[in-house]
Each structure stands twice: as C-alpha cells, then as structure tokens.
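J.: Have a look; sequence and predicted model below, questions after that.
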Amino acid sequence: MTTLDLFADGEPNAKPLSDPAAAELQVAQRLRQQLHHYAHQYYVLDAPSVPDAEYDRLFQQLQALEAAHPDW
C-alpha cells in the first residue's frame, strides 16, 4: 500500500481535500479500516496478507496521526 492508496477514495475524478486536517482524518480512517482488515486476516483467519513490518509501519503512522490530533 502506498500513500496514494490512502488518499484514493475509489472515485476516479475525486478532488483532493483542501483542508489538511480533513485529509489527515481521512487517512487515519482508512488506516484504521486497513489495520482492522489485516488483524482479522492474521488473528481470525490465520492467513496474514502483509508482513509484520508493513503492519507495524502502518500502525505507527496511525499512532503519529492520532498523537498529532488527540481530539479524534
């Protein structure tokens, strides 16, 4: 997954969000969804789809966003 994947909303003509905080919130929401999906695959299905290092990198990215915006 790339950073661009996190900003893509599935709409081919979607415009980027102009408010940086709104864009970061959208990234955080997507990270939460992706991490939940990966955790389900790992813990429930016993079929991990990403290496542990990639999961950890995404989790740390989410932690940094949440630390920068504790009101979320």
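T.: Nice, I can see it.
J.: pLDDT-wise, which helix or strand of the protein ranks last?
T.: helix 3-7 (a mean of 48; mean pLDDT, DSSP states H and E).
J.: next structured bit after it?
T.: Following helix 3-7 in sequence order, the next helix or strand is helix 20-39 (DSSP states H and E).
J.: Could you list the buried residues of the next helix or strand after that next one?
T.: Moving toward the C-terminus from helix 20-39, the next helix or strand (DSSP H and E) is helix 52-68. Buried residues in helix 52-68, counting neighbours by 16 or more other Cβ atoms under 10 Å, are found at Y55, L58, Q61, L62, L65. (C-beta placed from N, C-alpha, C; glycine too.)
J.: Over to stretch 38-46?
T.: Buried residues in stretch 38-46 (16+ other Cβ under 10 Å): Y38.
J.: Just give me the neighbour total for H36.
T.: Around H36 sit 10 other residues, with neighbours defined as other Cβ atoms under 10 Å.
J.: can you pull the pLDDT of it?
T.: pLDDT, H36: 98.
J.: Could you do W72 as well?
T.: On the pLDDT scale, W72 is placed at 81.
J.: What's the separation between it and E54?
T.: Separation of W72 from E54 (Cβ to Cβ, to the nearest Å) stands at 23 Å.
J.: for the buried residues of helix 52-68, which one is nearest P20?
T.: L65 (11.5 Å; Cβ to Cβ).
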